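**Student:** Sharing a sequence plus its predicted fold:
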Amino acid sequence: MIGNRMCGTKTCLVVLILAAMSPPLNAQTWAPQEASSPYSHFSAVSFVNDQIGWVSGAYGVIIKTTNSGATWISQPSGTGLHFSDQYFLNASTGWVVGQDGVIVKTTNGGATWFPLTSGTSAWLNFVQFVDANIGWAAGANGTVIKTKDGGSTWNAQTSGTSATIEGGNFTSALTGFLACRDGAILKTVNAGAAWTVQGTGSSLGLNSIHFANGSTGWICGDGGRILKTSDGGSSWFSQASGSSVNLNGIYFPHADTGWVVGDGGVIRRTTNGGTTWTSQISSTTENLRDADFISPRHGYAVGLNSTVLEYAVVHALPVQIASFTATVLGNSRVRLDWRTVSELNNYGFEVERAVGTPDVFAFLPGGFVQGHGTTNEEHNYSFTDNNAPFGRVYYRLKQVDLDGTINYTEPISVDIVTAVDDGKLPTEFALKQNYPNPFNPSTKIEFSVANPGFVSLRVYDVLGREVATIVNEELNQGSYTKTFSAEGLSSGVYLYKLMVRPEGVAGFSDTKRFVLSK
């Protein structure tokens, strides 16, 4: 954001299958995009899918792409005030906020923007909506405002601080967090009716918050600060970022994988939930202000002087790998599957494994799979690890050329929770009744995915308002168990809805009720 700082398990018969499309070889690339505008400082970036996204910044600039950033089109915002943050609910509806309490909204993808009356002149650095009606904005002097009608009217909330609020994140319609310039965190569990100030042991400013799910979140700030919570924000602990610069934006598309961006073009990435952070080459020394990721394979970062960077997994010769997945079959067996769309002088692949963390990999005995030399045809490969240890296990492929040159895929991981029966994969989509039910404060939800696809599992109140997102990602074929914690919700009847959009077959949707009894 620019802000006023701009210038300057229960034992189960089937374990979880954590399989994902793997980044192909030589994938860690950040490339600058041509997104010039008459004014030069960008502060916020949002993408709703791989193609459609917006960037906003100084002097009321809003630009949009519909082709993954290959071209950007300027959109008239109707103001010359500086923008600091933005939020897009979908490809049609979005809000942008900034200087002097300015808020503009679009309902047609940005073709037109119209002003909203915020009721404040404070510089707004944060905006988020949990649905088309309910949203919050926050900024200078501890200002917090809320709307229940999509932004037509806004009401002030008492934050309990006079410090500037730099960023925030709502994990449900009730629970939200705000990051403050004085190093404090504000938390609400009642939709902002009351905010609790959480100290962090330092006065270094906090700039950005992102939760991967209802329990796990991160905050970044000045001096390289990174804080993490694993209990829904009840407690926070420090992580070593490996950098001392101001970190301005943080985003986790997955609970393991996340990025943080900061001053001087600093970009750092983690693949183990922040236990370790590694540097990535950004190809810029400009201050980066924000980042957004559609998936662990595709994201964007923006900053000063018209800086727009794209992180995209690229297929690098000699081998183009289209997918790399891991499936827990049972009895400590993990099947690895990968597919190539072309190969050049490919001698073959060596399967490597690491346990606990993706730091030290070792070749698996019998883990060599012969390649197909040079070919433009698709080829499918498979290898089964019959002795996978319990816990989190990482796999990667070491691709070997005929001349001895080697390349590596990025690691993928699975959780070996317990031994299982016969390794049967489900052939039907299903959503089971949660257990226990009624529950307090947590319950388990089981569901089956018969074909790979995008899966969402969300919780709604009886009025149809979304209060929590449990799953929102691509999942492989398998049976899954998820734990839902209702911290911050009041007693009552709620609905949980599973939606699956698989490839090549009809979609699936089912909704069930459960009761929270406190």
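**Tutor:** In hand now; what should we look at? Numbering: from 1, shown residues only.

**Student:** hang on, isn't Ser442 packed against Thr483?
**Tutor:** Yes. With contact defined as CB atoms under 8 Å, Ser442 counts as touching Thr483 (5.6 Å). In short, each C-beta sits where N, CA and C put it, glycine included.

**Student:** From the centre of the chain, point out the most distant residue.
**Tutor:** The outermost residue of the chain relative to its centre, with distances by CA atoms, centre = their mean, is Asp403 at 39.1 Å.

**Student:** OK, contacts around that one?
**Tutor:** By CB atoms under 8 Å, 6 or more residues apart in numbering, the contact list for Asp403 reads Asn345.

**Student:** I'd like the numbering to begin with 23 instead of 1 from here.
**Tutor:** All set: I'll call the first residue 23, so the last point we hit is now Asp425.

**Student:** Could you pull up phi and psi at it?
**Tutor:** Here is the backbone geometry of Asp425 (degrees, to the nearest 10): phi -90, psi 10.

**Student:** again with Asp244
**Tutor:** Note on Asp244: its backbone torsions stand at phi -70, psi 150 [degrees, to the nearest 10].

**Student:** Near it, how many other residues are there?
**Tutor:** Neighbour count for Asp244, taken as other CB atoms under 10 Å: 21.

**Student:** do the same with Ser328
**Tutor:** Neighbour number of Ser328 under other CB under 10 Å is 23.

**Student:** pLDDT wise, what is it at?
**Tutor:** Predicted confidence (pLDDT) at Ser328: the value is 91.

**Student:** could you check the distance from it over to Trp52?
**Tutor:** Plainly put, Ser328 is 16 Å away from Trp52 if you go by CB to CB, to the nearest Å.

**Student:** quick check: longest strand of the chain.
**Tutor:** strand 355-377 (DSSP state E).

**Student:** what residues does the following helix or strand past it touch?
**Tutor:** Next helix or strand after strand 355-377 toward the C-terminus (DSSP states H and E): strand 384-397. Here strand 384-397 makes contact (CB under 8 Å, 6+ apart) with 341, 362, 364-376, 401, 403, 405, 407, 420-422, 424.

**Student:** now stretch 130-138
**Tutor:** Residues outside stretch 130-138 that contact it (CB under 8 Å, 6+ apart): 74, 76, 84, 86, 97-101, 113-114, 116-118, 124-128, 173-174, 176.

**Student:** Now restrict the residues you listed to buried residues only.
**Tutor:** 74, 76, 84, 86, 97, 99, 101, 113, 116-118, 124-128, 173, 176 (16 or more other CB atoms under 10 Å).

**Student:** Buried ones in stretch 313-329, by neighbour count?
**Tutor:** 313-326, 328-329.

**Student:** In helices only, show me those.
**Tutor:** Assigned to helices by DSSP state H, none of the buried residues of stretch 313-329 qualify.

**Student:** out of the residues you listed, which one sits closest to Ser68?
**Tutor:** Asp314 (5.5 Å; CB to CB).

**Student:** and the closest one, what is it in contact with?
**Tutor:** Taking CB under 8 Å, 6+ apart, one finds 67-69, 75, 273, 321-322 in contact with Asp314.

**Student:** Let's see that with 6 Å instead.
**Tutor:** 67-69, 273, 322 (CB atoms under 6 Å, 6 or more residues apart in numbering).

**Student:** Columns distance to Asp107, secondary structure and pLDDT on top of those residues, output as JSON lines?
**Tutor:** JSON lines is the format used below for the contacts of Asp314 (distance: CB to CB, whole Å; DSSP: H, G, I helix; E, B strand; the rest coil; pLDDT from 0 to 100):
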{"residue": "Val67", "distance to Asp107": "10", "secondary structure": "strand", "pLDDT": "97"}
{"residue": "Ser68", "distance to Asp107": "9", "secondary structure": "strand", "pLDDT": "97"}
{"residue": "Phe69", "distance to Asp107": "15", "secondary structure": "strand", "pLDDT": "96"}
{"residue": "Tyr273", "distance to Asp107": "13", "secondary structure": "strand", "pLDDT": "97"}
{"residue": "Tyr322", "distance to Asp107": "15", "secondary structure": "strand", "pLDDT": "95"}
